[in-house]
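Undergrad: generate a structure from the sequence data that follows.
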Amino acid sequence: MRSGIVKCKVKNVQTGSITVEDFSGMKFERALINKVPVIYSYSDSEFSYFLDSETYAEIRVSNKDFEEEIKFIEEGLELSLSLYEEEVLAINLPEIVSLTIEKLSDDLPATDQKKVVTSTGLTVAVPKFCEVGDKINVSTSDGKYKSR
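TA: Modelled structure (predicted):
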């Protein structure tokens, strides 16, 4: 009997590239990806630093690789990192994060909203009653304002 041919879309979790592969009668080892609970410490120009909640070891993450996720992280936020052999594959953000408004941007035309910039550099459209220094809740899935 012949074994079947399986066509799969395969994503390289290190580079993010997606390819179509054909597999016939192959077996694969299971990749052990660990989710490590961490607390965000600080960022510099190149890296962001997280503190492992269990071992208190410092984990360094490149800002270039995760620039979109870093915009949702304020100091002290508890989240988790996905690690494969000590390499960070993903930053697992909570569904909603609380961010501080740092400055106001121009009003959006003909709406009841205005643009603000948070302390992390994220630009969000918020209701007109929000002011500098307010804490707002933002969805990490779409980057939109949820509540104050």
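Undergrad: please make it C-alpha for all contacts and neighbour counts, starting now.
TA: Will do.
Undergrad: let me see the domain layout of this structure.
TA: For the chain, the structural domains run 34-92, 96-147, going by automatic domain parsing.
Undergrad: lowest-confidence stretch among those?
TA: Among the domains of the chain, domain 96-147 has the lowest mean pLDDT, at a mean of 86.
Undergrad: how far off centre is it?
TA: 18 Å (C-alpha atoms, centre = their mean, to the nearest Å).
Undergrad: how long is that domain from one end to the other?
TA: 10 Å (C-alpha to C-alpha, to the nearest Å).
Undergrad: cool, and stretch 114-131?
TA: Using C-alpha to C-alpha, one end of stretch 114-131 lies 10 Å from the other.
Undergrad: equivalent analysis for stretch 39-55, please.
TA: Counting by C-alpha to C-alpha, you get 12 Å between the two ends of stretch 39-55.
Undergrad: list of residues touching it?
TA: Counting contacts by C-alpha atoms under 8 Å, 6 or more residues apart in numbering, the residues outside stretch 39-55 that touch it are 36-38, 57-64, 73-79.
Undergrad: same question, stretch 15-33
TA: Identification of contacts with stretch 15-33 by C-alpha under 8 Å, 6+ apart yields 3-12, 82-85.
Undergrad: equivalent analysis for stretch 127-138, please.
TA: Outside stretch 127-138, the residues within contact range by C-alpha under 8 Å, 6+ apart are 96-104, 112-114, 144-148.
Undergrad: kindly report the same for stretch 86-105.
TA: Contacts to stretch 86-105, defined as C-alpha under 8 Å, 6+ apart, come from residues 13-14, 61, 66, 69, 72-74, 79-83, 114-120, 131-141.
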